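Trainee: pasting a predicted model and its sequence here:
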Amino acid sequence: MRNYIIISKEQADAVRGRHGKYSALEPVEFPDGKFAIPERCIDDPEFADIKVTLQKYQKEGIVQDIEDLNEKSERITIEENKYYLSKDYWVVKSLISTTMELKELPDIKELNEIFLIRKDITTSVNKWHK
Amino acid sequence: MAYTLNGIDLYNTYGITASHALGSNVAMAGVFDMPQRTGKTYHDWGDSDSVEPWVREDEIMFAGRDIQFSGFLTGTTSAINTKLQTFYDAINAATGLSIFETPYHSASGYIKTVIPEHMNGGCTVKMTFREPAVALTGTLPASGTSVAYMIDNIPFSSFGLYLSKADQLHNLPENKEQYFTKYGQEGYQIVKRKHKILEINGFVAGSSLSDFTSKIEALYKVFSSSGTRTIVLNSIVTVVCFATEGFKIENVHYSNNGVIGRFHINLMVKSVAYYDAGYDADLNTYISGLSIALSDAQLTKINTFLVNYKTADSLTNLSDAYDVMYYLGNETAESSLRNLVKRAHDAVVVNSPTFTAYEGFAGDGISSYIDTNYQIDTDKVNYAVNNASFGIYYRSNIAAANIGSGCRNGTTSYISMRVRDAGASSMSAILNQGGSFGAAPVNNSGTPGMFISSKTSAGSSITYKNKIAFAARTASVDAIPDYNIYLGARNDSGASAEIYSNRQMAFAFCGKGLSQANINNLTDNFEVLMDANGKGVIA
């Protein structure tokens, strides 16, 4: 389970930074401009100083288990407005609900009516060999 | 130096002259004391030794304190009594808290007692003023490099604190309460031990009254902060403890050369770790100040690794060849993030990667990683553009494209360790290189283990997996990206992390370029350490 709390930029700015003795919180920006924090941070003692805030985000916001997209498989099923972890493009957002039966999925960058990909990831990581 | 009560000068109005507190050359006593905590400060579990500290921020509350003023009046007994009565009337006229101003402090509170003692031609006065709420504000001094005496990695001397004697620490604590029913003879129950006490006696010195006051305030701050304190004594004992009774500053002496006062504190001890003088010097430095002590068994294993590896590579200190080295699969998360080479560049975890004792840290492939706090071009000592090494021991072998460690400066230069791309099953390691690249070496499907990139000349670097060299990686530019090295993700130009990894990492380092023999020695000796805990992965 990779549960993430989806939050706004303002919420992300409020908790970003060093906490505890050995930890930092760095909300990551998803393709739609939303930010995300691992839900497990709530139970990390290093984040005790912001635990109440994180619990509030958890309660008021969206929490999603980010599944692998498995774009190399023959069939993938996606749900609208859910985030998936792509092998090539990190976290992507599905724009529709659908099941695609393909022996080999084309580069999902080409499926821009189905997937939202972060703008700064311009090339497939798999091809981007550095 | 005026002493006023609610703005009224004690000398001009009541004829009370400030004198000296007992053992001091100033009129005030207790004015620098830190008050004791109130409420529950710990929980005493019957089935474990010592106590559980209650040191969360919301659990820490403080009582007030008594401060004493010493003065005297002169004159006939009748005249003195008249002045005292005037003083008492003024005290009793107060309907709220009074303000007692002295050269050392402005206190808000009330007068508890005034005790005059008449003698021929005069009278001494001892006044006790209760300050119900004491401001325990202050600024912590900067952390220091490793020194013999430290509180939370801050040298004692930064607090103006000098140790005379630390007592009681080595006593065997008393038994906890025994519960039994016995008739006709004495009963007993075998029980756990109470907590240890660390009694520190010393003195605090300041170059001026304001310097002395700021140092005392720094001590307020450190002993009133949430969590436990880690105190290192003489580099050989680390005590994890907490203050419940505050501290005392007595026998204050004020002169043109500054202010000095005796310091006394009793601390409740949670744990004590003793360093073995027989351990390797790098190990003693590494464990100094840890808030959670490593077990003797684990220390022995690390010591064996350090001694054997350094002997094999003819190193006196790790710092002869390395800038940073992290044993990420140590016994505790705290120690795993420490730099084995020196007391600098300790790492922090970002977004809570999973730590497993003796195995290491693993991210989730989305957001979590380790920031080494080693900004490679700025902080380098041994590492150089054409004489460098970067290594990671991966315990897991996961085929994925979007994984890596290192940093890059845009597309200008890279330090990058991408050990297994999905599909191509290839290695893509780059060390201080940019421009146009030669082909990445291939054939990295299969096994995990120790991956080391080494560069000993311009133009190319070689990466080794479990001591076996891949083909050299060539590039047209040699340059170091000057950003913090990330582990489990790559630092993209200091702006963000990218290509997050979910591989479990047990070890990482940066240093000089390594030869095949160096790589063999490091790999073999680290694998012995991993195997000692049953966690090695090299076949």
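Mentor: Nice, I can see it.
Trainee: buried residues in stretch B:240-257?
Mentor: In terms of neighbour count (16 or more other C-beta atoms under 10 Å in any protein chain shown), stretch B:240-257 has its buried residues at B:240-254. Bear in mind the C-beta positions are built from the backbone N, C-alpha and C, glycine included.
Trainee: pick the one among those closest to B:D478.
Mentor: Closest approach to B:D478 among these (C-beta to C-beta): B:V240, at 46.6 Å.
Trainee: tell me which residues touch that closest one, please.
Mentor: B:V240 makes contact with B:T228, B:R229, B:T230, B:I231, B:V269, B:K270, B:S271, B:V272, B:S291, B:I292, B:A293, according to C-beta atoms under 8 Å, 6 or more residues apart in numbering or on different chains.
Trainee: now B:G434, what's its secondary structure?
Mentor: Using DSSP: H, G, I helix; E, B strand; the rest coil, the structure places B:G434 in strand.
Trainee: B:A471 too?
Mentor: For B:A471, the secondary-structure state derived from three-state DSSP is coil.
Trainee: check contacts around the most centrally placed residue in chain A.
Mentor: Chain A has A:V91 as the residue nearest its centroid, 4.6 Å off, counting by C-alpha atoms, centre = their mean. Neighbour list for A:V91: A:V28, A:F30, A:P31, A:A36, A:I66, A:Y83, A:Y84, A:L85, A:R118, B:I366 [criterion: C-beta under 8 Å, 6+ apart].
Trainee: and the residue of chain B positioned farthest from its centre, which helix or strand is it part of?
Mentor: Going by C-alpha atoms, centre = their mean, the residue of chain B most distant from its centre is B:S78, 60.4 Å out. With elements taken from DSSP states H and E, the one containing B:S78 is helix B:77-93.
Trainee: what does the next helix or strand after that helix rub up against?
Mentor: Moving toward the C-terminus from helix B:77-93, the first helix or strand encountered (DSSP H and E) is strand B:98-101. The contact list for strand B:98-101 (C-beta under 8 Å, 6+ apart) reads B:2-7, B:67, B:69, B:91, B:106-111, B:129.
Trainee: run a quick neighbour tally on residue 87.
Mentor: Using chain A. 23 (other C-beta atoms under 10 Å in any protein chain shown).
Trainee: meant chain B, my bad for not saying
Mentor: Under the neighbour criterion other C-beta under 10 Å, B:F87 is assigned a count of 23.
Trainee: the residue nearest to the centre of chain A bridge partners, please.
Mentor: A:L85 (DSSP bridges).
Trainee: how much space between it and A:F115?
Mentor: Distance of A:V91 to A:F115, given as C-beta to C-beta, to the nearest Å: 11 Å.
Trainee: on that earlier part again, including pLDDT, distance to B:Q178 and neighbour count, could the contacts of A:V91 go into CSV?
Mentor: Listed next are the contacts of A:V91 as CSV, based on pLDDT from 0 to 100; distance: C-beta to C-beta, whole Å; neighbours: other C-beta atoms under 10 Å in any protein chain shown:
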residue, pLDDT, distance to B:Q178, neighbour count
A:V28, 95, 55, 22
A:F30, 94, 60, 20
A:P31, 94, 65, 18
A:A36, 97, 54, 25
A:I66, 95, 55, 22
A:Y83, 96, 59, 25
A:Y84, 94, 61, 21
A:L85, 90, 58, 21
A:R118, 85, 65, 17
B:I366, 92, 54, 21
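Trainee: adding secondary structure, write those residues out as CSV.
Mentor: Formatted as CSV, the contacts of A:V91 follow (three-state DSSP):
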residue, secondary structure
A:V28, strand
A:F30, coil
A:P31, coil
A:A36, strand
A:I66, coil
A:Y83, strand
A:Y84, strand
A:L85, strand
A:R118, coil
B:I366, coil
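Trainee: quick one: buried residues of the helix or strand B:T523 falls within?
Mentor: Here B:T523, judged by DSSP H and E, is contained in helix B:516-532. Residues of helix B:516-532 classed as buried by neighbour count (16+ other C-beta under 10 Å): B:N518, B:I519, B:N521, B:L522, B:T523, B:D524, B:N525, B:F526, B:E527, B:L529, B:M530, B:A532.
Trainee: buried stuff in the helix or strand bottoming out on mean pLDDT in chain A?
Mentor: The weakest-scoring helix or strand in chain A, judged by mean pLDDT, DSSP states H and E, is strand A:98-101 (a mean of 84). Of the residues in strand A:98-101, none is buried under the neighbour-count criterion (16+ other C-beta under 10 Å).
Trainee: helix or strand right after it?
Mentor: Sequence-wise, the next helix or strand beyond strand A:98-101 is strand A:115-117, with elements assigned using DSSP H and E.
Trainee: residues contacting the residue in the stretch 51-200 of chain B that chain A sits nearest to?
Mentor: Nearest to chain A, among the residues of the stretch 51-200 of chain B, is B:R56, at 7.3 Å (C-beta to the nearest C-beta). In this structure, B:R56 makes contact with A:A48, B:S226, judged by C-beta under 8 Å, 6+ apart.
Trainee: what do you get if the cut-off is 6 Å, keeping everything else the same?
Mentor: Under the criterion of C-beta atoms under 6 Å, 6 or more residues apart in numbering or on different chains, the contact list for B:R56 reads B:S226.
Trainee: phi and psi next, for it.
Mentor: Comment: the main-chain dihedrals of B:R56 come out as phi -70, psi 160, following degrees, to the nearest 10.
Trainee: ok, B:F305 - how many residues close by?
Mentor: Burial of B:F305 is recorded as 22 neighbouring residues (other C-beta under 10 Å).
Trainee: any idea of the pLDDT on the closest residue to it other than its chain neighbours?
Mentor: When the adjacent residues along the chain are set aside, B:F305 lies closest to B:L529, with 4.1 Å between them (C-beta to C-beta, 6 or more residues apart in numbering or on different chains). In the prediction, the pLDDT value recorded for B:L529 is 96.
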